[in-house]
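In: okay, sequence plus prediction incoming.
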Amino acid sequence: MGKDALRYDQMVEDALRGVVRTALAQAAEHGLPGAHHFYITFETDHPGVTIADHLRARYPDEMTIVLQHQYWGLEVEEERFAVTLSFNDRHERLSIPFEAVSAFADPAVKFGLRFERQEDGSPAAAASPSATNLPEEAEDKPASDPAQPAGEGAKVVALETFRKK
């Protein structure tokens with residue numbers, strides 16, 4: 001086994017994406033309890049993302065959705081999730097691979113995760129249980145309005161800090 005055989009950075013990212021998957025699966029099965037709501041930012045140009053053409057045109061790189069009061073048909077699979085949201089009184093179905101998710105936050109408990117691509121294209125994750133500092137106005141936005149990217153101004157520790165160069 002070579003010294004580079006154990007990819008802890010990849011293991012941690014997989015585990016953190018599992019947190020997102022589990023949170024969404026619980027919401028799909030039981031609904032969102034109390035004040036919990038999710039801000040999910042994803043790369044719209046990532047392979048496997050399925051969104052309406054007009055949404056892709058408006059958000060060619062990245063989009064943030066809010067799952068709070070108005071979402072329907074949340075389905076969670078191993079590699080992706082799908083949900084129907086209302087955009088300008090039009091229901092649109094979105095299907096998003098977990099690999100496309102760049103940020104996830106639950107402002108009700110000040111929890112946030114950020115997944116970033118490194119210069120070489122490999123993923124790196126950052127997390128903090130109190131990472132989300134959303135603008136006040138973002139907390140009142142309806143599900144149809146993309147919010148500010150989750151975790152802006154957050155205190156997160158990038159995994160890059162711990163990698164051997």
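Out: That came through, no problem.
In: so which helix or strand of the chain has the lowest pLDDT on average?
Out: strand 157-158 (a mean of 43; mean pLDDT, DSSP states H and E).
In: distance of residue 105 relative to residue 38?
Out: Remark: distance between residue 105 and residue 38 (Cβ to Cβ, to the nearest Å) = 7 Å. The C-beta positions use only the backbone N, C-alpha and C, and glycine is treated the same way.
In: residue 46: what's it in contact with?
Out: 97, 99-100 (Cβ atoms under 8 Å, 6 or more residues apart in numbering).
In: who wins for most neighbours among these?
Out: The most crowded member of these, judged by other Cβ atoms under 10 Å, is residue 100 (21 neighbours).
In: shouldn't that residue be in contact with residue 42?
Out: Yes. The criterion here is Cβ atoms under 8 Å, and residue 100 meets it with residue 42 at 4.5 Å.
In: show me whatever sits in contact with both of these two.
Out: residue 49.
In: okay, how far is it across stretch 88-103, tip to tip?
Out: One end of stretch 88-103 sits 24 Å from the other (Cα to Cα, to the nearest Å).
In: my error: substitute stretch 33-43 in the last question.
Out: Start-to-end span of stretch 33-43 (Cα to Cα) is 27 Å.
In: what comes up buried for that stretch?
Out: 36-43 (16 or more other Cβ atoms under 10 Å).
In: what segments of the chain are helices?
Out: 8-30, 53-58 (DSSP state H).
In: and the ones you listed as JSON lines, adding mean neighbour count and mean pLDDT?
Out: Converted to JSON lines, the helices of the chain look like this (neighbours: other Cβ atoms under 10 Å; pLDDT from 0 to 100):
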{"stretch": "helix 8-30", "mean neighbour count": "15", "mean pLDDT": "93"}
{"stretch": "helix 53-58", "mean neighbour count": "12", "mean pLDDT": "94"}
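In: ok, back up a step: which among the contacts of residue 46 gets closest to residue 85?
Out: residue 100 (15.8 Å; Cβ to Cβ).
In: tell me the pLDDT at the closest one?
Out: Residue 100 carries a pLDDT value of 96.
In: can you pull out the strands in this protein?
Out: 38-43, 62-67, 71-76, 80-87, 90-97, 101-106, 111-117, 123-128, 157-158 (DSSP state E).
In: of all the ones you listed, which one is nearest residue 25?
Out: With Cβ to Cβ, the closest approach to residue 25 among the strands of the chain belongs to strand 71-76: 4.3 Å.
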